[in-house]
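**Q** Dropping a prediction and its sequence here:
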Amino acid sequence: MPLELLSSTKYYSLGSKEEFYKKPISSFAEVWECPQTGAKSLHARIPISQGDVISQLCGREFIMSPNYLSVQIDDEKHILLEPEFLQFINHGCDPTMHVCMPACPFVQG
């Protein structure tokens, strides 16, 4: 199901004319979805300063094979993230945020 299109304003990605659906998911963030490709990404709704923590990270499910939404935590272990909106954090060579895990909070049951 696509996110609701905000009809009063059109949103475009940089360098293209693709229109995006936007869905607020918290007071500080929203998920954008490209209707042409179905790709989703997480975007700030407010200024976020360096060092700010945007969310606590939890694993909602262990999986043995990676997929495009999983995070590798061991040689053959991957997790799906909780809260679910964290799965839309994009990768990049020049990231604007990172995951800080001083001690692994994931315990296999």
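**A** Right, received. Where do you want to start?

**Q** What mean pLDDT does stretch 63-75 get?
**A** What stretch 63-75 shows for mean pLDDT is 84.

**Q** quick one: L42 and E84 touch, right?
**A** No: with contact defined as CB atoms under 8 Å, L42 does not reach E84; the gap is 10.6 Å. Any C-beta I mention is one placed from the backbone N, CA and C, and that applies to glycine too.

**Q** Please name the bridge partners of the residue nearest to N67 when sequence neighbours are not counted.
**A** Nearest residue to N67, sequence neighbours excluded (CB to CB, 6 or more residues apart in numbering): H78, at 7.6 Å. Under the criterion DSSP bridges, H78 forms beta bridges with I63, Q72.

**Q** got the contact list for H78?
**A** F62, I63, M64, S65, P66, N67, S70, V71, Q72 (CB atoms under 8 Å, 6 or more residues apart in numbering).

**Q** try A44
**A** The neighbourhood of A44, defined by CB under 8 Å, 6+ apart, consists of F28, A29.

**Q** Relative to V99, which of the contacts of H78 is nearest.
**A** V71 (7.5 Å; CB to CB).

**Q** Surely the closest one touches I79?
**A** Yes: between V71 and I79 a contact is recorded at 5.5 Å, counting by CB under 8 Å.

**Q** list the residues that contact both of those two?
**A** Taking CB under 8 Å, 6+ apart as the contact rule, V71 and I79 both touch G59.

**Q** low pLDDT regions in this structure?
**A** Along the chain, the model assigns pLDDT under 70 to residues 1-18, 91-96, 101-109.
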